[in-house]
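Asks: fold the following for me, if possible:
(2 chains)
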Amino acid sequence: SQQGEEDPQALSIQEGENATMNCSYKTSINNLQWYRQNSGRGLVHLILIRSNEREKHSGRLRVTLDTSKKSSSLLITASRAADTASYFCATDPNSNSGYALNFGKGTSLLVTP
Amino acid sequence: DVKVTQSSRYLVKRTGEKVFLECVQDMDHENMFWYRQDPGLGLRLIYFSYDVKMKEKGDIPEGYSVSREKKERFSLILESASTNQTSMYLCASSLSEPFIRLNTEAFFGQGTRLTVV
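Replies: Residues are numbered from 1 along each chain as shown, chains lettered A, B, ... in the order given. Sure thing, here's the model as predicted:
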């Protein structure tokens, strides 16, 4: 079931600015992942942060995780027009039932030149 | 390069038709998934499979069935297509790590946009 909830639903910024997206979830997790989707395409995995980690970096991406607040944020620094896409958080629930990730509804990011 | 391939990018079918969506992965993953994506609703899980011939219902299994006869192939079947099944369908696969669950990233196909008329 869906448990990730991204905020904001839509974000519009100019090239060079930073973009921050937030994700809240409801139950305990093994890990939290962020994905990117270009219009009309499949999702591409960006970064995974484990439940015992607080921060992780990958290139211009920075992810934080606060398990006490059940929230995560994705920061894209120095954004480019090519970063325009939808971004989804997905949680790997800490349960014995199945292995399916739970996705949020996504944040639509528009980066204008 | 790891790959999940869906058989069609676009499909148009008539109401009442039986529709097969095929998905193949070349990563020897145990888990495979079918999601549908609709505007404002995000990704919703239809079915998933954690092994050959095994299947589990997701959040919205009604009107769908699945088949996994081989490890690399996971098929989604719309028994009798209806207009409310018009959607983007996404297949994904992942490793099975039932105890550790540290590297469970999903690899997605390019999506099939199905229109039922």
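Asks: number of nearby residues for residue B:33?
Replies: Per other CB atoms under 10 Å in any protein chain shown, the neighbour tally for residue B:33 reads 29. From N, CA and C alone the C-beta is placed, and that goes for glycine too.
Asks: separation between it and chain A?
Replies: When distance is defined by CB to the nearest CB, to the nearest Å, residue B:33 is 6 Å away from chain A.
Asks: okay, residue 1: pLDDT?
Replies: Just so you know, I chose chain A. On pLDDT, residue A:1 comes in at 52.
Asks: wait, chain B
Replies: At residue B:1, the model reports a pLDDT of 68.
Asks: kindly report the same for residue A:31.
Replies: Per-residue confidence (pLDDT) for residue A:31: 88.
Asks: burial of it, as a residue count?
Replies: With neighbours defined by other CB under 10 Å, the count for residue A:31 comes to 22.
Asks: now it: which helix or strand?
Replies: For residue A:31, the host element (DSSP states H and E) is strand A:29-37.
Asks: the closest residue in space to residue A:41 that isn't next to it in sequence: neighbouring residues, count only.
Replies: Taking CB to CB, 6 or more residues apart in numbering or on different chains, and ignoring the residues beside it in sequence, residue A:41 has residue B:110 as its nearest neighbour in space, at 5.8 Å. Residue B:110 is flanked by 15 other residues according to other CB under 10 Å.
Asks: show me the contacts for residue B:110.
Replies: Under the criterion of CB atoms under 8 Å, 6 or more residues apart in numbering or on different chains, the neighbours of residue B:110 are A:41, A:42, B:5, B:6, B:9.
Asks: just residue A:20 next, same as before
Replies: Counting by CB under 8 Å, 6+ apart, residue A:20 makes contact with A:73, A:74, A:75, A:76.
Asks: neighbour-wise, which of these leads?
Replies: Per-residue neighbour counts (other CB under 10 Å) across the contacts of residue A:20 peak at residue A:74, which has 25 neighbours.
Asks: what's the nearest residue to residue A:90 once chain neighbours are set aside in contact with, if anything?
Replies: Once its chain neighbours are removed from consideration, residue A:90 has its nearest residue in residue A:101; the separation is 4.1 Å (CB to CB, 6+ apart). For residue A:101, the contacting residues are A:33, A:90, A:91, A:92, B:33, B:94, B:104, B:106, taking CB under 8 Å, 6+ apart as the criterion.
Asks: neighbour-wise, which one of those residues leads?
Replies: Within those, most neighbours by other CB under 10 Å means residue B:33, with 29 neighbours.
Asks: ok, now how distant is that residue from residue A:41?
Replies: The span separating residue B:33 from residue A:41 equals 17 Å under the rule CB to CB, to the nearest Å.
Asks: over to residue B:91?
Replies: 13 Å.
Asks: and residue B:64, by the same measure?
Replies: Counting by CB to CB, the gap from residue B:64 to residue A:41 is 22 Å.
Asks: which one of the two has more residues nearby?
Replies: Between residue B:64 and residue A:41, counting by other CB under 10 Å, residue B:64 is the more crowded of the two (20 against 17).
Asks: for the more buried one, which non-adjacent residue is spatially closest?
Replies: Nearest non-adjacent residue to residue B:64, counting by CB to CB, 6+ apart: residue B:46, 5.3 Å away.
Asks: before we move on, which element is that neighbour in?
Replies: Element membership for residue B:46, per DSSP H and E: strand B:42-49.
Asks: so what strands line up beside the helix or strand following that strand?
Replies: Elements were assigned by DSSP H and E; along the chain past strand B:42-49, the next helix or strand is strand B:56-57. Partners of strand B:56-57 in the sheet, by DSSP bridges, are strand B:42-49 (antiparallel).
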